[in-house]
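Visitor: need a structure here:
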Amino acid sequence: MMTRTVDLRSDTVTKPSQAMRAAMANAVVDDDVLGCDPTAFCLETELATITGKEAALFVPSGTMGNLISVLVHCEVRGSEVILGDNSHIHIYENGGISTIGGVHPRTVKNNRDGTMDIDLIEAAIRDPKLEICYPTTRLICLETTHANCGGKCLPVEYIDKVGELTKKHGLKLHIDGARIFNASVALGIPVHRLVQAADSVSAKILRKTLGGGMRQVGVLCAAALVAVQENVGKLESDHNNAKFLAQGLNRIEGLKVDVNSVETNILYFDILEGTNITALKLCKNLEEHGILVMPESSFRIRLVLHYQISESDVQYTLSCIQQAVTGVPDENGGK
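Guide: Next comes the predicted model:
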C-alpha cells in the first residue's frame, strides 16, 4: 500500500509550512485595492528593497505579473515585444499579451542555456523609419532561471548587455523572474544586481482591470513573507538535491542526463532508444509508488525539486526509477 508521496511535478506544488499557516492565521489585513492592507504593504516594501526597484506589487500569479509588465511597456496596441521562442510568456501564458493587450510577439531562438544571441535580438528590432509597414518594437523579455532550458541562470553580464541594447534603441527590458531567487542563490549574486538592468513598473490599475485586486490579500502576503525570509535559504539544498538526483539517474542503464547542465532545481532525463519503457509508462509506474512526475515527450521526463523534497525522497525516487526501468532493485534500498 502506498504510504509515501514525492511530488516532483513542479515547485508550484508545495504546501504551506506550519510557519506559513500560523502567519496566515494571524495576519493583519485590510482592503488592498484601497491601499490599506498592512501585510501586503510590508511584503511589497521588502520585495522592492530586495529587487532594488521603486515599488513592488502583489499579484495572484507570475503569469499576471508578466502580462501587466508587458502591457505597461506596450500600452500602444500593435506594439511588438521580442522574446525567446522557448520562453514561458510565449508558450505557457495563453497568448495573453496578444489576446488582451494587442501586443505582437517576435521570437528569437533560445539557446540551450536560455540566452538569445545579442546580434539576433538587435536584428529583430524594427527600423522605426519603416513603422508604416511594421509594428513598433518597444520591449525585450528575458527569463531567469529559464524553465524550458532546464532551470538555466542567465549570467548577469548577459543581462547587462541586453540592458545596454534596450537603452541604445530606446526600448524597455522585462525579466520573467518566477525563479529569480534560484538564480540568485546559484550564481551567488544578489537579486537586485541580477535585475539591475531591468525596468520595473507598479501598475495597480492594470491589476484591477485583470481581476487581480483581491482585497484582503494580507493572508497570502503573510505566507509569502515567511517564504522570502525563511525558505530562500533552503534553495541551495534544492539545487544540491537536483544534482544528486541527476547523477543517480545517469547511473541507471537506459537513462541519460546532462549532469553538467543542472544548475538549479530543474532537470530533464531521456529514456534511451531500445529501453523497454516509455515516459508515460514510467510516470504511471512511479505514480503507483507515490512519485509524481511530468512527461515532457514520449521519451523525456522533467523533474523539479523544492524544499519539501528531502534527500531521502531523492534516494527513494532513484530506487523506484531503477526498478521500473531495469527491473533490478537499487542495492542501497533507496529508502
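
Visitor: CA atoms for contacts and neighbours, from now on please.
Guide: Fine.

Visitor: ok, Asn265 touching Asp238?
Guide: Yes: contact criterion Cα atoms under 8 Å: Asn265 and Asp238 qualify, at 5.8 Å.

Visitor: and for these two, which residues touch both?
Guide: Both Asn265 and Asp238 are in contact with 305-306, where contact means Cα atoms under 8 Å, 6 or more residues apart in numbering.

Visitor: who has more neighbours, those two?
Guide: Using other Cα atoms under 10 Å, the more surrounded residue of Asn265 and Asp238 is Asn265, with 30 against 23.

Visitor: Strands along the chain, start to end?
Guide: Ranges of strands in the chain, per DSSP state E, are 6-7, 79-84, 104-108, 136-143, 172-176, 255-256, 266-271, 291-292, 294-297, 300-304.

Visitor: Just put these in JSON lines and tack on distance to Ile159.
Guide: Formatted as JSON lines, those follow (distance: least, Cα to Cα, whole Å):
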{"stretch": "strand 6-7", "distance to Ile159": "33"}
{"stretch": "strand 79-84", "distance to Ile159": "13"}
{"stretch": "strand 104-108", "distance to Ile159": "16"}
{"stretch": "strand 136-143", "distance to Ile159": "8"}
{"stretch": "strand 172-176", "distance to Ile159": "9"}
{"stretch": "strand 255-256", "distance to Ile159": "31"}
{"stretch": "strand 266-271", "distance to Ile159": "21"}
{"stretch": "strand 291-292", "distance to Ile159": "34"}
{"stretch": "strand 294-297", "distance to Ile159": "28"}
{"stretch": "strand 300-304", "distance to Ile159": "25"}
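
Visitor: Select, out of those strands, the one closest to Ala183.
Guide: Each of the strands of the chain was scored for nearness to Ala183 using Cα to Cα, and the closest is strand 136-143 (10.4 Å).

Visitor: what's that closest one packed up against?
Guide: helix 62-73, strand 79-84, strand 172-176 (3 or more Cα pairs under 8 Å, 6 or more residues apart in numbering; DSSP states H and E).

Visitor: The last one vs helix 62-73, what angle?
Guide: Interaxial angle of strand 172-176 relative to helix 62-73 (axes from the mean of the first three to the mean of the last three Cα atoms, to 10 degrees): 180 degrees.

Visitor: Could you list the paired strands of strand 172-176 along with their orientation?
Guide: Sheet pairing of strand 172-176 (DSSP bridges) gives strand 136-143 (parallel).

Visitor: okay, now the residue nearest to Lys172 when sequence neighbours are not counted: neighbour count?
Guide: Spatially, and ignoring its direct neighbours in sequence, Lys172 is nearest to Leu139 (4.7 Å; Cα to Cα, 6 or more residues apart in numbering). For Leu139, the neighbour count with other Cα under 10 Å is 23.
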